[in-house]
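Asks: dropping the sequence and predicted coords here.
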Amino acid sequence: MTATIALVDDDRNILTSVSIALQTEGFLTRVYSDGESALKALIDNPPDLAVLDIKMPKMDGLELLRRLREKSTIPVIFLTSKDDELDEALGLAMGADDYIAKPFSQRLLIARIRAILRRTEATQPSAEGGEEVTAEALERGRLTMDPARHRVTWNGINVTLTVTEFLILETLAQRPGIVKTRNQLMDAAYQDDIYVDDRTIDSHIKRVRRKFRQVDSQFDAIETLYGAGYRFSDE
């Protein structure tokens, strides 16, 4: 099935050029020039992935992402100004799957879109007929992860994670007590030789912890080992 990509940016030149590049690569596209007009459409008729600009009139990309995450877990890549670490940190903390700084290469954007879509497909059950092969549910203490349904629970309570957050947590939980470096977590979540800096992984970990602490204020199963990485404890 052809994937649909939503583009939200107030720069019409970017909307036009990126839309044409994506269509050339076989994607369907929908374009929106501001966050306000995009919000209802993204919720009512979700695309396979959304690319959001941060700086927009009426409703900026961060507010759009915040409202979107209240109702949807669709993958999101956001576009930020070069070297604007605050925008990057805020976007990742609010649940974006990745970010790209402007000016950006269309080839790089398309590569990241493909990588995230592959990860999304890997967490979804097959829609084809015949026998379905699904990954087994992972149980570690109070944590249960079901890759086939992209479902996570803690003490039996649902915890909603993005695709990237799910893959990072799954990598940690598969081997409790074993330290995973940031590079190992990058490889698990991104897989396509795409460079992602350390603070991107750190931001995803912080958001995962925050989500679990919303259902259990004492959650401390993801441990930081400074200078080494992270590990999951199922005790």
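Replies: Good, I have the coordinates. Keep in mind that what you see is a predicted model, and the values were worked out from it rather than measured.
Asks: got the phi and psi for the spatially most central residue of the chain?
Replies: In the chain, the C-alpha nearest the mean C-alpha coordinate belongs to residue 97, at 2.5 Å (C-alpha atoms, centre = their mean). Note on residue 97: its backbone torsions stand at phi -90, psi -30 [degrees, to the nearest 10].
Asks: per-residue confidence at it?
Replies: What the model reports as pLDDT for residue 97 is 81.
Asks: lowest-pLDDT helix or strand in this protein?
Replies: helix 85-93 (a mean of 68; mean pLDDT, DSSP states H and E).
Asks: which helix or strand lies directly C-terminal to it?
Replies: Per DSSP states H and E, the first helix or strand lying C-terminal to helix 85-93 is strand 98-102.
Asks: quick one: buried residues of stretch 223-233?
Replies: Across stretch 223-233, burial judged by 16 or more other C-beta atoms under 10 Å covers 229-232. C-betas here are computed from N, CA, C, even on glycine.
Asks: and which of these is nearest residue 10?
Replies: Checking these against residue 10 with C-beta to C-beta, the nearest one is residue 230 at 37.4 Å.
Asks: check which helix or strand covers the closest one.
Replies: strand 229-232.
Asks: could you dump that strand to CSV, C-alpha only?
Replies: Output of strand 229-232 as CSV, limited to C-alpha atoms (Å, rounded to 0.1, in the frame of the first residue of the first chain):
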residue,chain,number,x,y,z
GLY,A,229,24.4,4.2,28.7
TYR,A,230,21.1,2.8,30.0
ARG,A,231,19.8,-0.5,31.4
PHE,A,232,16.4,-1.9,32.3
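Asks: tell me the contacts of residue 94?
Replies: 62, 65-66, 69, 207 (C-beta atoms under 8 Å, 6 or more residues apart in numbering).
Asks: got it, and residue 233?
Replies: Here residue 233 is in contact with 176-177, 220-223 (criterion: C-beta under 8 Å, 6+ apart).
Asks: show the buried residues in the residues you listed.
Replies: Buried among the contacts of residue 233 (16+ other C-beta under 10 Å): 221-222.
Asks: ok, back up a step: what's the most distant pair in the buried residues of stretch 223-233?
Replies: It's 229 and 232 that sit farthest apart of those, by C-beta to C-beta, at 11.1 Å.
Asks: about what we covered before: so of the contacts of residue 94, which ones are in strands?
Replies: Applying DSSP state E to the contacts of residue 94, no entry is found in strands.
Asks: helix, strand, or coil at residue 46?
Replies: What DSSP: H, G, I helix; E, B strand; the rest coil gives for residue 46 is coil.
Asks: burial count for the nearest residue to it once chain neighbours are set aside?
Replies: Leaving aside its chain neighbours, residue 46 sits nearest to residue 74 (5.1 Å; criterion: C-beta to C-beta, 6 or more residues apart in numbering). Other residues lying near residue 74 total 19 when counted by other C-beta atoms under 10 Å.
Asks: which SSE is residue 74 in?
Replies: Going by DSSP H and E, residue 74 is not in any helix or strand.
Asks: you'd agree it is up against residue 45?
Replies: No: the pair residue 74 / residue 45 is not scored as a contact, 10.8 Å apart, by C-beta atoms under 8 Å.
Asks: sorry, back to before: from the chain's centroid, how far away is the strand holding residue 230?
Replies: 20 Å (C-alpha atoms, centre = their mean, to the nearest Å).
Asks: same deal with stretch 147-161?
Replies: 16 Å.
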